[in-house]
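> One predicted model, sequence on top.
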Amino acid sequence: MNEGAALVDTMRYLESVGLNRGKAGNVSRRYGDHHYQITPSGIAPFDLTSASMVVLSLDEKPAPVGAIPSSEWRMHQDIYLARPDVGAIAHTHSNYATALACVGRSIPAFHYMVAVAGGDSIRCAPYATFGTQALSNHAVSALENRQACLLANHGVVAVGANPLSAAKLALEVEQLARQYCIALQLGEPVILSDAQMREVMEKFKTYGQRVE
Ligand SMILES: [Zn+2]
């Protein structure tokens, strides 16, 4: 199998489940010990091929030759450097999660499934211009002890063992964001206590209910 196929499949998955439209969003995966493979800039999912994927070094800036990597390459690179546990990253501009990010709201423990992202909240990182070191720094901080975060006025980042598991977590985040938006319209959502969320996280470990 061509090695870029997993990224092509994941980009098409994100499009098919409605998380990304057109050229928004990007996906990457760790590639050996010192590299990562990332989707190129400005190509719609159904125009992508395995050969369009860009391999970049974790140690340096992309060389200005060949295909142009996603403008968010820096954020992907810094997440891999900060998080040895991360094998893949999915970034989307999915509607409800982005709507929450546009009012600067983190997702609190309004539903027990918030624990799929690794804790009792899904943080919203402060705003910074796309592609900048500042955005990358904010994303790495918001992902501390977490598998997903929102990016203010921008979108979502989810990480996982492989591209599809990261994408599936991005879908879980979108589902939660949608439910949280609806709950906010009905009234003040009841937030689960620290003890209640600790119990959920224990059960997730035991029963393997994390997103695979
Ligand atoms: Zn983006």
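All right, it came through fine.
> May I ask which helix or strand encompasses the closest residue to Asn137 other than its chain neighbours?
Nearest non-adjacent residue to Asn137, counting by C-beta to C-beta, 6 or more residues apart in numbering: Asp78, 7.3 Å away. Where C-beta positions appear, they are placed from N, C-alpha and C, glycine not excepted. Element membership for Asp78 (DSSP states H and E) is helix 73-82.
> Which residues does the longest helix that the chain contains contact?
Counting by DSSP state H, the longest helix found in the chain is helix 163-186. Residues outside helix 163-186 that contact it (C-beta atoms under 8 Å, 6 or more residues apart in numbering) are 6-7, 9-10, 13-14, 17, 19, 27-29, 88-92, 94-97, 99-100, 107, 110-111, 113-114, 116-117, 122, 147-148, 150, 156, 158-160, 189, 211-212.
> what about the helices in this protein?
5-16, 73-82, 95-102, 133-142, 163-186, 194-207.
> helices or strands next to the first one in the packing?
Pointing back at helix 5-16 there. Packed against helix 5-16 by the contact rule (3 or more C-beta pairs under 8 Å, 6 or more residues apart in numbering; DSSP states H and E) you find strand 26-31, strand 88-92, helix 163-186.
> in this structure, what spans have low per-residue confidence?
1-2, 63-66, 208-212 (pLDDT under 70).
> if we can go back for a sec, buried residues, the helix holding Asp78. List them.
Judged by neighbour count (16 or more other C-beta atoms under 10 Å), helix 73-82 contains these buried residues: Trp73, Arg74, Met75, His76, Gln77, Asp78, Ile79, Tyr80, Ala82.
> hmm, back to that, got a PyMOL select line for the buried ones in the contacts of helix 163-186?
In PyMOL syntax, the buried subset of the contacts of helix 163-186 is picked out as below (16+ other C-beta under 10 Å):
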select buried, resi 6+7+9+10+13+14+19+27+28+29+88+89+90+91+92+94+95+96+97+100+107+110+111+113+114+116+117+122+147+148+150+156+158+159+160+211
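> the inter-axis angle of the helix holding Asp78 versus helix 133-142?
Using axes from the mean of the first three to the mean of the last three C-alpha atoms, to 10 degrees, the inter-axis angle of helix 73-82 relative to helix 133-142 is 40 degrees.
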